[in-house]
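Undergrad: Any chance you can model this:
(chains A and B)
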There are 2 protein chains.
Amino acid sequence: MKYFALLPAAALFSVTAAPAANPLTPSQILAAAPAGDWADVPAENLLVMDLAGGGRVAIELAPDFAPVHIANIRTLTRAAWFDGTSINRVQDNYVTQWGDATERKQLSIGTVAKPPAEYERPVAGTGFAALPYRDAYAPQVGHAKGWPAASDGKAAWLTHCYGMVGVGRNLAPDTGTGAELYTVIGHAPRHLDRNIAVVGRVVEGIEKLSALPRGTEALGVYARPDQRLPIGSIKLASDMPAAERPAFQVLRQGSPSFTAWVKARANRQDDFFILPAGAADICNLQAPVRRKP
Amino acid sequence: MKYFALLPAAALFSVTAAPAANPLTPSQILAAAPAGDWADVPAENLLVMDLAGGGRVAIELAPDFAPVHIANIRTLTRAAWFDGTSINRVQDNYVTQWGDATERKQLSIGTVAKPPAEYERPVAGTGFAALPYRDAYAPQVGHAKGWPAASDGKAAWLTHCYGMVGVGRNLAPDTGTGAELYTVIGHAPRHLDRNIAVVGRVVEGIEKLSALPRGTEALGVYARPDQRLPIGSIKLASDMPAAERPAFQVLRQGSPSFTAWVKARANRQDDFFILPAGAADICNLQAPVRRKP
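TA: This is a model prediction of the structure:
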């Protein structure tokens, strides 16, 4: 079986030992990254979704970008509001969406009914670092607080990459409450950028959402209620007993390993590649995440 | 249930009746496209894959871009070589791959053992029309003979977008025979452009390949042979009885409807959108395909 894009069989070697003629692959850079180049995901920013039929999805929240929506999500989560709701929509090459399909479940439990349009924020304070690569949708793309982001020099916003999580809404000025969420399971629908509140990203278990049967109704909605996939519970990791919490780390934006990893991803040098691109799309440069060792 | 990116409830109206303040949505443009704006997919360019467990996938071949690999694929198909092989690898946000997992099946049935590296071709003769949008990977992106493509002004090549089909290979100078194929099921891995032979695109049934369980071995390979999904048969539509052939049409590159559709996709104006992007990624502008009416 041919694997294309196969990593070379060469054994891992450390950064210092690497001869210039054999630059490290992205995987080798991650394997060699020192502990200090990884940053913990705070437990209060980690949602843990357990599907009723088995399977766990972990989502990191981005409170620096959509604080009111995320406050709503935390409130709903702490009230066990999502428990017993379901995955209702799976549209191929687009999104998987979950929440209360009926929109009848009581929301007035301390949530903000009409959050502001948290579609962008001032770039100042985000640590936005632009990449030197072109982008179809924005003047600049890069990373901000570890997130894939774009900027026009004044504002910054999160980009709709694979695995990013956003807030379902109806027509403007509705911004959604956070009671219906979706994640991207296809090519980045970047036309949604700045039109919707992006609240986080799936850091583990995306395949529990991306490999589901596609809905056959318009927009991938499941045709029958019994096709919906029940959600057992969604919890904040910080509310789980310490021993039960999953814990993750993100490669620290701006660390030597992060910088080397971005460069290596954009200039693939392993034996498989004939012609490295010399650049990459921001959605192919999402910060690596790992289980905390 | 909130649908975001929902099409507006407004009824379809014809192009001529559309008031300037209400430009047509992409869907409305397709619905209004005259028959002459659609081009038939030739039956000799259409692969029909029937999975043993049910489900059909239709693939359009691109002989203008990888003629030797495609001649191999046609030869293997006509010899029923793929029948009884399987889907062996499903890697999340990357590819689904099929063929002879053992690499032991006899290939010397008239195929070219070592095809040339058909990774690009002269741009002349492709009808390449550049879009005015930036791209991370190539100086220009646009469409060539209806395919998503890129160019540096001299050469043109097909881009690794969602649903595009390529030829698995080992390390260079191996280019693969065409006996192992994959399709993209995630964000476009454009770093593979010009490193691999792209031979076509899935025009129907991508969800039969994208919603499969992910393989748990490295690179998404299924851990056990019994997890592989058997392929009943792959046939060329031109070898099927006329009454049984599926038939497709692609929106004709350069037609008024195509031009309007691209513009509308890049400038979403329906009631959902607050801020149209004014541009789009080439992989969000793949030519629409429909069943031939």
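
Undergrad: Need the nearest residue in space to A:His191, chain neighbours excluded.
TA: Take A:His191 and drop its neighbours on the chain: the residue closest to it by Cβ to Cβ, 6 or more residues apart in numbering or on different chains is B:Ala277, 5.0 Å away. Heads up, the C-betas are built off the backbone N, CA and C, glycines and all.

Undergrad: my guess is that neighbour contacts A:Arg190, does it?
TA: Yes: contact criterion Cβ atoms under 8 Å: B:Ala277 and A:Arg190 qualify, at 6.8 Å.

Undergrad: Neighbour count: those two, which is higher?
TA: Neighbours per residue (other Cβ atoms under 10 Å in any protein chain shown) separate B:Ala277 from A:Arg190, with A:Arg190 holding more: 25 against 22.

Undergrad: distance of that one from A:Ser151?
TA: To A:Ser151, A:Arg190 is 14 Å away according to Cβ to Cβ, to the nearest Å.

Undergrad: that older thread, any common contacting residues for B:Ala277 and A:Arg190?
TA: Common contact partners of B:Ala277 and A:Arg190 (Cβ atoms under 8 Å, 6 or more residues apart in numbering or on different chains): A:136-137.

Undergrad: Tell me how many other residues crowd A:Asp40.
TA: Count around A:Asp40 with other Cβ under 10 Å applied: 13.

Undergrad: Helix, strand, or coil at the residue lying closest to it once chain neighbours are set aside?
TA: Leaving out its chain neighbours, the residue that sits closest to A:Asp40 by Cβ to Cβ, 6+ apart is A:Gln249, at 5.6 Å. Using DSSP: H, G, I helix; E, B strand; the rest coil, the structure places A:Gln249 in strand.

Undergrad: Can you tell me how far A:Gln249 is from A:Val48?
TA: Distance from A:Gln249 to A:Val48, by Cβ to Cβ: 16 Å.

Undergrad: Helices of chain A, residue ranges please.
TA: A:26-32, A:67-78, A:207-210, A:256-266 (DSSP state H).

Undergrad: Export those helices to TSV and append columns for mean neighbour count, mean pLDDT and distance to chain B.
TA: Listed next are the helices of chain A as TSV, based on neighbours: other Cβ atoms under 10 Å in any protein chain shown; pLDDT from 0 to 100; distance: least, Cβ to the nearest Cβ, whole Å:
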stretch	mean neighbour count	mean pLDDT	distance to chain B
helix A:26-32	19	97	10
helix A:67-78	21	97	13
helix A:207-210	23	98	5
helix A:256-266	20	97	8
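
Undergrad: first vs last residue of stretch A:225-232, how far apart are they?
TA: Stretch A:225-232 has an end-to-end distance of 16 Å (criterion: Cα to Cα, to the nearest Å).

Undergrad: let me redo that: stretch A:214-221
TA: 8 Å.

Undergrad: Over to stretch A:184-203?
TA: 13 Å.

Undergrad: Could you give me the buried positions within it?
TA: The neighbour-count check on stretch A:184-203 (16 or more other Cβ atoms under 10 Å in any protein chain shown) flags A:184-203 as buried.

Undergrad: Select from these every entry located in strands.
TA: Counted as lying in strands by DSSP state E, out of the buried residues of stretch A:184-203, are A:184, A:198-203.

Undergrad: And for A:Thr216, the neighbour number?
TA: Neighbour tally, A:Thr216, other Cβ under 10 Å: 13.

Undergrad: who's in contact with it?
TA: By Cβ under 8 Å, 6+ apart, the residues touching A:Thr216 are A:222-223.

Undergrad: separation between it and B:Val48?
TA: For A:Thr216, the distance to B:Val48 (Cβ to Cβ) stands at 21 Å.

Undergrad: Could you pull up the residues touching the residue nearest to A:His191?
TA: A:136-137, A:190-191, A:193, B:266-268.

Undergrad: would a markdown table of the residues you listed with distance to A:Met240 be doable?
TA: Shown next, in a markdown table, are these (distance: Cβ to Cβ, whole Å):
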| residue | distance to A:Met240 |
| --- | --- |
| A:Ala136 | 40 |
| A:Tyr137 | 37 |
| A:Arg190 | 34 |
| A:His191 | 37 |
| A:Asp193 | 32 |
| B:Ala266 | 44 |
| B:Asn267 | 45 |
| B:Arg268 | 40 |
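
Undergrad: ok, the residue lying closest to A:Trp98 once chain neighbours are set aside - how many residues close by?
TA: What sits nearest to A:Trp98 in space, not counting adjacent residues and going by Cβ to Cβ, 6+ apart, is A:Ile87, at 4.4 Å. As a burial measure, A:Ile87 scores 24 neighbours (other Cβ under 10 Å).

Undergrad: Can you name the residues bridging to A:Ile87?
TA: A:Trp98, A:Leu229 (DSSP bridges).

Undergrad: What pLDDT does the model give it?
TA: The per-residue pLDDT reported for A:Ile87 equals 98.

Undergrad: ok, it touching A:Leu229?
TA: Yes: with contact defined as Cβ under 8 Å, A:Ile87 counts as touching A:Leu229 (4.1 Å).

Undergrad: joint contacts of these two?
TA: Shared contacts of A:Ile87 and A:Leu229, counting by Cβ under 8 Å, 6+ apart, come down to A:51, A:212.

Undergrad: Which parts of the stretch 1-150 of chain A are strands?
TA: A:38-40, A:46-51, A:56-61, A:86-91, A:95-99, A:121-122, A:129-130, A:140-144, A:147-151 (DSSP state E, counting those that start in this stretch).

Undergrad: May I see the ones you listed arranged in a markdown table, with distance to B:Pro256 as well?
TA: Supplementary listing: the strands of the stretch 1-150 of chain A in a markdown table, determined by distance: least, Cβ to Cβ, whole Å:
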| stretch | distance to B:Pro256 |
| --- | --- |
| strand A:38-40 | 52 |
| strand A:46-51 | 46 |
| strand A:56-61 | 44 |
| strand A:86-91 | 28 |
| strand A:95-99 | 31 |
| strand A:121-122 | 41 |
| strand A:129-130 | 38 |
| strand A:140-144 | 33 |
| strand A:147-151 | 32 |
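
Undergrad: mind checking which of those is nearest B:Asp64?
TA: Of all those, strand A:86-91 sits nearest to B:Asp64, with 31.4 Å by Cβ to Cβ.

Undergrad: Can you tell me what sits against that closest one?
TA: So strand A:86-91 is contacted by A:51, A:95-99, A:101, A:182, A:185, A:209, A:212-215, A:219-222, A:228-231, B:1, B:3, B:211 (Cβ under 8 Å, 6+ apart).

Undergrad: Can you tell me which of these are buried?
TA: By 16+ other Cβ under 10 Å, these give A:51, A:95-99, A:101, A:182, A:185, A:209, A:212, A:214-215, A:219-222, A:228-229, A:231, B:1, B:3, B:211 as buried.

Undergrad: how close does the residue nearest to A:His191 sit to A:Pro122?
TA: 21 Å.

Undergrad: Do I have it right that A:Thr183 meets A:Cys161?
TA: No: using Cβ under 8 Å, A:Thr183 makes no contact with A:Cys161, being 10.3 Å away.

Undergrad: Of these two, give the one with the bigger neighbour count.
TA: Remark: of A:Thr183 and A:Cys161, A:Cys161 carries more neighbours, 25 against 21, as counted by other Cβ under 10 Å.

Undergrad: now that one: how far from A:Gln286?
TA: According to Cβ to Cβ, A:Cys161 and A:Gln286 sit 6 Å apart.

Undergrad: what is in contact with the two at once?
TA: A:148, A:201.

Undergrad: that older thread, now tabulate the helices of chain A in a markdown table and tack on distance to B:Gly110.
TA: Putting these into a markdown table (distance: least, Cβ to Cβ, whole Å) gives the following:
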| stretch | distance to B:Gly110 |
| --- | --- |
| helix A:26-32 | 39 |
| helix A:67-78 | 60 |
| helix A:207-210 | 39 |
| helix A:256-266 | 40 |
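
Undergrad: Alright, that wraps it up for me.
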